[in-house]
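[1] Okay, predicted coordinates and the sequence, questions at the end:
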Amino acid sequence: MRALRTPTLAALLPPGSVIGYDVMVEVGLQRFVHHQQREEIRAALAHDHGVAVSTGEISRLATRFLAYLQALHDASAPALRAALAADGGWPLHLDATGEDGRGTLLVAYAGWRHWVLGAWKVPTERTECILPHLHELHTAFGAPCAIMRDLGRAMAEAAHAFVASLPQPFPILACHYHFLADIGEDLLAAGHDELRGLFRQTEIVARLRAFVRQHGARLGSAIAQGREGLQAWLAEAPAAHHLPAGPSGLATVRALAQWILDYPADGTDEGFPFDVPYLALYDRCLQVTAAVGTFLRADPVDRDVRRAIERLQAILRPLTADVPPFVSVSTRLTRRVECFTELRDALRLTPKDAETGATDPQAIEDIHAAVTALETSLRARRPARGPADLRQAIDIILAHLDRHGAHLWGHAITVPAPGGGTTRRLVDRTNDCLEGFFHAMKHGERRRSGRKILTQDFERLPAAAALAVNLTRADYVEILCKGSLDRLPAAFAALDQGNRSRSVAARAAAQPAYAETASLSAADRRVIRTGSMTDRIIAAAQAR
C-alpha cells in the first residue's frame, strides 16, 4: 500500500505558530466580517471544530489575520488593477471617519466595483496626511477616472494636489449631498436654533407632556373607553366640530396635545437641515391652536372637557400672543426653508430611501440645467433693497455655487465599450456608498462591543479592518483567492513561502508607525497619565 503524504506544516502553520492558517482565517472572518464577540468566537471554535483557544489568543489571531489580509491585498494589486482597467477605469470615492475626532480612518473606495482599495489610520484629517496615500494608491492601481470627495478643505486640497501631479487630468467632483447639507446648515441653523430657544423659554413642550401625563392619570381605567370614543369621534363627519363628552372628550383633548408632540413624524429621518423639527413643531402648534378655537366656539357641553381644552389653549397662547416673537422668527425660517427646498428640488436629492433622480447621463444634464436656471432666477430675484434676510439667504446659496460649482458636474465618464468603441458611465453624485460603508462598519463594531460611543474602539481598530468588507464581494474574492474563501488559508500560506524565518504578521508588526501630529493620541496618553510623569513635573515645579 502506498503511503499518503500529509500536507507539509508550512502549508498549515504560520512561522513560529502552533495555530493554523485555517483557524486564523475563521477568527478573522467572524471578528471583522460578522462582528462576533471574542467569547462567541471562542465558543464556536470549541463547539464546531473542537479547537480550544483563549479569548486573548483570539485577539492576537484577529490582528494577525488583518496583517495577512493587507499583505495579500497588496500582493494582488496587479490583478485587481487589471480588473479595474477592464471596466474602463474606476472612480475614487474618498472620505474619512472617526469617533469624537479620534481614530481617524481614511478609506479609498472604487465606486463601480464597491471595493476598498486602501485604508489608512491618519493622525488628523489634513492635506499632508492624505496626499501621500493618494500617491500610494496611484502606484498600486493607476490613476482613477474621477475623484468624488466631500467639501472639506483637506480633502479638496489633497485631491487637487494629487491631480496636478499627474500628466493626465481627470474630474474632481464634489458630493452633492454634502454641498446641499452645507448650504442647509448655513441657511437654517441660526433661525432653527432661535426657534428652539423660544420653545425652551416658554416650556411649551414640557407643559404639553405634563398635560398629556396628567390627563392620562385622570382617565385612569377609563382610558380604554376614552380611546374607543376618540375612534368613534374620528369616524364622524367633522362638519359640526363638537367635542364628545366624558372620557371620550378628555381622551380627544389629550390626543390633540399628543398630535403636537408627535411633530418628528413630519420629518424624513434624514436629520437637520433636511428635516427642520422645530418648524414642524411650530406649524403643529398653530394648527391645534386654530382647531381649539373652533372647538371652543362650538361650546363643549361637558364642563370638564371645556376646562381641559381651555388649559390646552393657555399652554399654546405664547404662539398667538407672539411673546416671545414666534411669528417673526418662524417667518424668516420658513422663507429660508423655501429657498433650500428650491435648491433641493433642482438637485433632485430626495429622501434617503428614494432614488437620487440621476440614472443616466441625460438625467445629470437635466439636473445641471435645473441648477443653472435656479441660479439665474436667484440672481434676478435678489432684492437690491428691502428684506435683508431674503437677500442674505440668496447670497448664501450663490456663494456656495460660486465656490463649488465647477466641481458639481462631470459625472458622465467616457470609457471603452466591451464590444469596441466607447460608452459613458456615471460616477455617483454623492459619497453615499462610503457613508453607508462607514455606517455599516460602525454598526458592526457597536454590535460587537456593546458600546454606543466607539472612541476607544476606533483608536484601536487597525485600518486593514476596512479591507475585510471586500471579502463579501465575490469578484474581489475570486481575484484574491483564485476561487472562494475556502482558499483564503492557502493564499495566506503562500505569502510565507518565501520567508519561513518570519511570518507576514511579524514583519507587519515591525514596520515603523506613521508620524504623530495629533495633539493627544492614545499612545501619548499612556505616558503622560503615569504617576511618574506627574511626580516629575511636581518635583521640578517645587524645586528652588
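    Noted; the coordinates are in hand. Numbering: from 1, shown residues only.
[2] Just the element for the spatially most central residue of the chain, please.
    Centroid-nearest residue in the chain, with Cα atoms, centre = their mean: E435, separated by 4.6 Å. Element membership of E435, judged by DSSP states H and E, is helix 432-449.
[3] so what does that helix touch, helix or strand wise?
    Here helix 432-449 touches strand 91-99, strand 102-110, helix 455-460, going by 3 or more Cβ pairs under 8 Å, 6 or more residues apart in numbering; DSSP states H and E. All C-beta spots, glycine's among them, are computed from the backbone N, C-alpha and C.
[4] Out of the ones you listed, flag the one nearest F340.
    strand 91-99 (23.7 Å; Cβ to Cβ).
[5] pLDDT on that closest one, on average?
    The average pLDDT within strand 91-99 is 93.
[6] Per the annotation, how does this protein divide into domains?
    189-330, 357-405 (automatic domain parsing).
[7] Measure how the helix holding E435 sits relative to strand 102-110, angle-wise.
    Angle, helix 432-449 to strand 102-110, by axes from the mean of the first three to the mean of the last three Cα atoms, to 10 degrees: 130 degrees.
[8] Next, the buried residues of helix 432-449.
    432-435, 437-438, 441-442, 444-445, 448 (16 or more other Cβ atoms under 10 Å).
[9] quick revisit: pLDDT score assigned to the residue nearest to the centre of the chain?
    For E435, the pLDDT comes out at 92.
[10] Return the residues in contact with it.
    Shown in contact with E435 (Cβ atoms under 8 Å, 6 or more residues apart in numbering): 95, 177.
[11] so what secondary structure elements neighbour the helix ranked longest in the chain?
    Ranked by number of residues, the top helix in the chain under DSSP state H is helix 176-202. Counting contacts by 3+ Cβ pairs under 8 Å, 6+ apart, helix 176-202 is packed against helix 277-297, helix 326-347, helix 388-404.
[12] just to revisit the earlier point, closest to C145 out of the helices and strands packed on helix 432-449?
    So among these, strand 91-99 is nearest, using Cβ to Cβ, at 5.9 Å.
[13] Given the closest one, what are its sheet partners and their directions?
    strand 102-110 (antiparallel), strand 146-149 (parallel) (DSSP bridges).
[14] Show me how far that strand is from its chain's centre.
    11 Å (Cα atoms, centre = their mean, to the nearest Å).
[15] What ranges does this protein have for its strands?
    Assignment of strands within the chain using DSSP state E yields the ranges 91-99, 102-110, 115-121, 146-149, 172-174, 412-416, 422-426.
[16] does A46 really touch S54, like I thought?
    No: between A46 and S54 there is no contact under Cβ atoms under 8 Å: 11.1 Å.
[17] Dump the strands of the chain to TSV, plus distance to F162 and mean neighbour count.
    Shown next, in TSV, are the strands of the chain (distance: least, Cβ to Cβ, whole Å; neighbours: other Cβ atoms under 10 Å):
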stretch	distance to F162	mean neighbour count
strand 91-99	9	23
strand 102-110	11	22
strand 115-121	13	22
strand 146-149	8	25
strand 172-174	9	23
strand 412-416	17	16
strand 422-426	22	14
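[18] For G229, find the nearest of those strands.
    Using Cβ to Cβ, these put strand 91-99 closest to G229, at 50.0 Å.
[19] Good, we can wrap up now.
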